[in-house]
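Visitor: what's the 3D shape of this:
(2 chains)
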Amino acid sequence: MRALLIRRLFTAIPTLLLVLLASFLLMRFAPGGPFDAERPLDPETRAALEASYGLDQPLASQFFGYLGNVLTGDFGPSLVYRDFTVTELVAQGLPLSLTLGGLATLLATMLGLAAGMSAALRPGGLRDEALMFASTLATALPSFVTGPLLALVFGLWLGLLPVGGTGGDPRYWILPVIALALPVAGAIAKLSRAGLASALGGENIRTARARGLSERAILRRHALRPALVPVVSYLGPAAAGLLTGAVIIETVFALPGLGRYFVQGALNRDYPLIMAVILLYASLIILFNLIADLLYGWLDPRGRA
Amino acid sequence: MMAREMRRILIPLAIVAAIALAAIILPVFLPWSHDAIDWDHARAAPGEAGHILGTDELGRDRLARLAAGTRITLLVALAAALVSLLVGTAWGAVAGWIGGRGDEAMMRVVDALYALPFMFIVIVLMVVFGRSILLVFVGIGLVEWLTMARIVRGQVLALRNRPFVLAALASGAPAHTIIRQHILPNIAGVALAYLTLTLPALIMIESFLSFLGLGVQEPLTSLGILVKEGADDMDIDALGLLLPGGVMVTLLVCLTLAGERLRDRFA
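Guide: Alright, predicted model coming up:
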């Protein structure tokens, strides 16, 4: 366990550096800069601005200077939101995005597992077919269609739920969380159904059946854990995506989260802001993949080193 | 293939083909183009003044817009899918064939690209390629080949130790001949299945970008723009959201179903 952790840490650092370097270079070589405006700045002002943000330095020293600052938690000033540092902006948007993504991950896991298990109980049956069709539907529908549709039906037609903002009332979270969770729930339902179907073919299951255990007990005690392996490996990156980038849902439901800053930052070539968000995203992916790897050992002892 | 299995694959594909055909043919018969404004009939109800599905808040014919949007969305998705098919198959086949260190290095590149946030890549592409939407989608195709490369590599790895490939190697056939005659025909089915699954993903990307105002620009229109317009206007006029939403959902669901069934058949 500890060896795995240390090995992962050693591969995580170069990966993060690579991600940072790649995004740094891509962003710098893309045409257009943060000080391009409707009216071009005169050369002196432009030079002064670039000097004050260090953009006139050679690329390598810009990169290493940035790297040094990042290690101390300083992502620099935002180039567009002039009065804020990037750290402040991220700190503003992150709690909302984490709450939204966390709730959606939770809901998706519960819904998906329930549907997958219920379908696997009688493979090929009517319920199996219906649930799997519903899962395909859920994965195929993008959140920018389901989001507005949910808002239309439950917000405007039925008048049951609020459709935008975060008024401190938990009801504001219901629609965005559902819209965000549905595709992931569908994918989890399919993966857990497939995992259970293959786990139920194992020899331990035949033994359990021979011992006269009920189908439900077999499912819960013997088949579920190994069947969760593909679900966990999918959930790692999926959760990282839900936590950081619910761009559309945040736009549709007018929620001030991280996704909005990401899009704004990219459109305005706000380099420090984009790079902070990218680094955050890459770290989360690595973290969640590590958690997934640790879970494998618990779920399926055969893989334990 | 059993008839029932065949039907389960062909029916969704036929629905997609029907929608595509309608989107191509309809504009020929409609008296309005997708951006023509009928000044006297803004927000016309369906059937009013010859507008079969009514008009939007600017008086533009809804059916014409729907057809134009569907056409653009399908066109860009198809262009990007073909690029991803070419690049993904080539990359995966080469990696799987050469094996060893080269394979390892090529697959690490794929892993690294997976880790980059997709939105970021797309936005950089938009900046580099400018507003030419087709070029942007060729660019997205160049990014979306990752899954295809992984799948193809796995297939090639499995194939290259099969007796018929070994026999070809032993008889001294050059690598490119073996790849063309023995490997590619055997991965065609899987590649086709994933091509079908890539299309809905690309349709979603196009709509997602257009929804954010980054994709197709006026006067062109796409399903994503229509959904966005409909969502902005839904408290007054629900039809504006329901129609493009319905077309998009039908396309996505049919393509996903067909793709999954093809994959179950071939993989």
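Visitor: Low-confidence ranges, the stretch 51-200 of chain B, go.
Guide: Scanning the stretch 51-200 of chain B for pLDDT under 70 picks out B:115-132.
Visitor: can you give me the helices for it?
Guide: With helices called from DSSP state H, counting those that start in this stretch, the stretch 51-200 of chain B shows them at B:62-98, B:100-115, B:118-129, B:133-143, B:146-159, B:163-170, B:175-178, B:184-211.
Visitor: Same check on chain A?
Guide: Applying DSSP state H to chain A gives helices spanning A:2-29, A:43-52, A:59-71, A:86-121, A:126-140, A:143-150, A:171-199, A:203-210, A:215-218, A:224-244, A:247-252, A:258-267, A:271-299.
Visitor: Tabulate those in CSV, adding columns for mean neighbour count, mean pLDDT and distance to residue A:161.
Guide: (Glycine included, C-beta is placed from N, CA and C.) Putting the helices of chain A into CSV (neighbours: other Cβ atoms under 10 Å in any protein chain shown; pLDDT from 0 to 100; distance: least, Cβ to Cβ, whole Å) gives the following:
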stretch, mean neighbour count, mean pLDDT, distance to residue A:161
helix A:2-29, 14, 75, 38
helix A:43-52, 12, 76, 46
helix A:59-71, 13, 79, 41
helix A:86-121, 20, 88, 15
helix A:126-140, 18, 89, 20
helix A:143-150, 24, 84, 9
helix A:171-199, 23, 88, 6
helix A:203-210, 13, 85, 43
helix A:215-218, 14, 81, 35
helix A:224-244, 21, 79, 21
helix A:247-252, 23, 80, 14
helix A:258-267, 23, 74, 21
helix A:271-299, 20, 78, 29
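Visitor: For my notes, please list those in a markdown table and give distance to residue A:78 for each entry.
Guide: Putting these into a markdown table (distance: least, Cβ to Cβ, whole Å) gives the following:
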| stretch | distance to residue A:78 |
| --- | --- |
| helix A:2-29 | 14 |
| helix A:43-52 | 14 |
| helix A:59-71 | 14 |
| helix A:86-121 | 5 |
| helix A:126-140 | 36 |
| helix A:143-150 | 27 |
| helix A:171-199 | 26 |
| helix A:203-210 | 56 |
| helix A:215-218 | 55 |
| helix A:224-244 | 18 |
| helix A:247-252 | 18 |
| helix A:258-267 | 8 |
| helix A:271-299 | 5 |
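Visitor: Please identify which of those is closest to residue B:166.
Guide: helix A:171-199 (30.0 Å; Cβ to Cβ).
Visitor: Nearest approach to residue A:160 belongs to which of the helices of the stretch 51-200 of chain B?
Guide: helix B:184-211 (25.0 Å).
Visitor: can you tell me if the closest one touches chain A.
Guide: Yes. Using Cβ under 8 Å from any Cβ of the partner chain, helix B:184-211 reaches chain A at B:200, B:204, B:207-208, B:211.
Visitor: Could you check the angle the following helix or strand past that helix makes with helix B:62-98?
Guide: Downstream of helix B:184-211, the first helix or strand assigned by DSSP states H and E is helix B:223-232. Here helix B:223-232 runs at an angle of 130 degrees relative to helix B:62-98 (axes from the mean of the first three to the mean of the last three Cα atoms, to 10 degrees).
Visitor: ok, and for helix B:223-232, which residues are buried?
Guide: Residues B:223-231 are the ones in helix B:223-232 that count as buried (16 or more other Cβ atoms under 10 Å in any protein chain shown).
Visitor: which other helices and strands contact that helix?
Guide: helix A:143-150, helix B:62-98, helix B:184-211, helix B:239-266 (3 or more Cβ pairs under 8 Å, 6 or more residues apart in numbering or on different chains; DSSP states H and E).
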